[in-house]
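Q: any chance you could fold what I've pasted below:
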Amino acid sequence: MIKLQVLLIAAGESKRMGQPKQLLAWQGKTLIEHQIEVLQKAHLSLTVVLGAKAEIISKSITNLDVQIVENANWREGMGTSIACGVKEICNLDSKPDGVLIALVDQPLIAVAHFEALIANFEPGKQQIIMSESETGLRSAPVIFDAYYFEALRRLQGDIGAKQIIKKHENKVKTVLCKSSLEDVDTMDSYRRMLEDFSS
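A: I've put the predicted structure just below:
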């Protein structure tokens with residue numbers, strides 16, 4: 001059985017939103033609670049990486065079955081949050097076959113897409129399984145084989161894992177996302193996406 005650990009990145013400051021997007025209301029829950037629920041429906045273990053407003057946000061998920069990690073260097077960008085989370089994953093008693101990196105602000109992604117990513121992952125083949133939109137945009141969620149853990153642990157700054165993906169392009173496999181990969185960025189996009197999700 002494939003053993004994957006999910007890294008839910010929820011450390012950002014939400015500058016353009018003007019308030020923590022993690023705590024936005026979403027179908028009777030907060031956005032972060034919604035994302036955790038979706039990922040757990042795919043039967044995956046979760047590590048949540050918090051940063052900005054970590055104390056407030058952590059209170060909304062302390063009753064959930066997740067590991068919470070705080071990235072003290074969150075201001076330096078997403079790369080540091082991925083590195084922080086992967087370091088924690090490497091300390092687990094049983095090392096996983098890979099890590100699925102998901103973002104807190106992509107609430108329209110259906111459980112079926114996460115299941116499709118997992119179905120395309122073959123441990124030990126140095127794969128990188130990326131999501132792709134119908135317009136050809138590649139983005140998270142993405143699965144990295146355990147082979148990349150050391151490189152992920154060393155990430156810095158705000159470019160995420162793009163440099164690793166570019167370096168190992170021949171190992172990348174894309175999976176079409178039949179739901180939306182759009183991220184909640186502004187209050188306008190939040191209201192529109194909430195409408196789309198409810199319709």
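
Q: switch to C-alpha atoms for all contacts and neighbour counts from now on
A: Noted.

Q: where does pLDDT dip in the chain?
A: When residues are selected by pLDDT under 70, those of the chain lie in 199.

Q: what are the ranges of the strands in it?
A: Along the chain, counting by DSSP state E, strands occupy 4-10, 25-26, 29-30, 45-50, 67-70, 98-103, 128-132, 138-145, 172-176.

Q: of the ones you listed, which is nearest Thr186?
A: Among those, strand 25-26 comes nearest to Thr186, with 14.0 Å by Cα to Cα.

Q: partner strands of that closest one, with direction?
A: Partner strands for strand 25-26, per DSSP bridges, with pairing direction: strand 29-30 (antiparallel).

Q: okay, the strands of the chain in CSV with mean neighbour count and distance to Glu76 next?
A: Formatted as CSV, these follow (neighbours: other Cα atoms under 10 Å; distance: least, Cα to Cα, whole Å):
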stretch, mean neighbour count, distance to Glu76
strand 4-10, 25, 14
strand 25-26, 16, 27
strand 29-30, 16, 25
strand 45-50, 23, 13
strand 67-70, 18, 14
strand 98-103, 22, 17
strand 128-132, 24, 24
strand 138-145, 21, 19
strand 172-176, 17, 27
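
Q: for these, give me JSON lines that also has distance to Met193.
A: JSON lines is the format used below for the strands of the chain (distance: least, Cα to Cα, whole Å):
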{"stretch": "strand 4-10", "distance to Met193": "18"}
{"stretch": "strand 25-26", "distance to Met193": "10"}
{"stretch": "strand 29-30", "distance to Met193": "14"}
{"stretch": "strand 45-50", "distance to Met193": "23"}
{"stretch": "strand 67-70", "distance to Met193": "27"}
{"stretch": "strand 98-103", "distance to Met193": "16"}
{"stretch": "strand 128-132", "distance to Met193": "19"}
{"stretch": "strand 138-145", "distance to Met193": "18"}
{"stretch": "strand 172-176", "distance to Met193": "20"}
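
Q: please name whichever of these is nearest to Lys162.
A: Nearest to Lys162 among the strands of the chain is strand 138-145; the distance by Cα to Cα comes to 9.4 Å.
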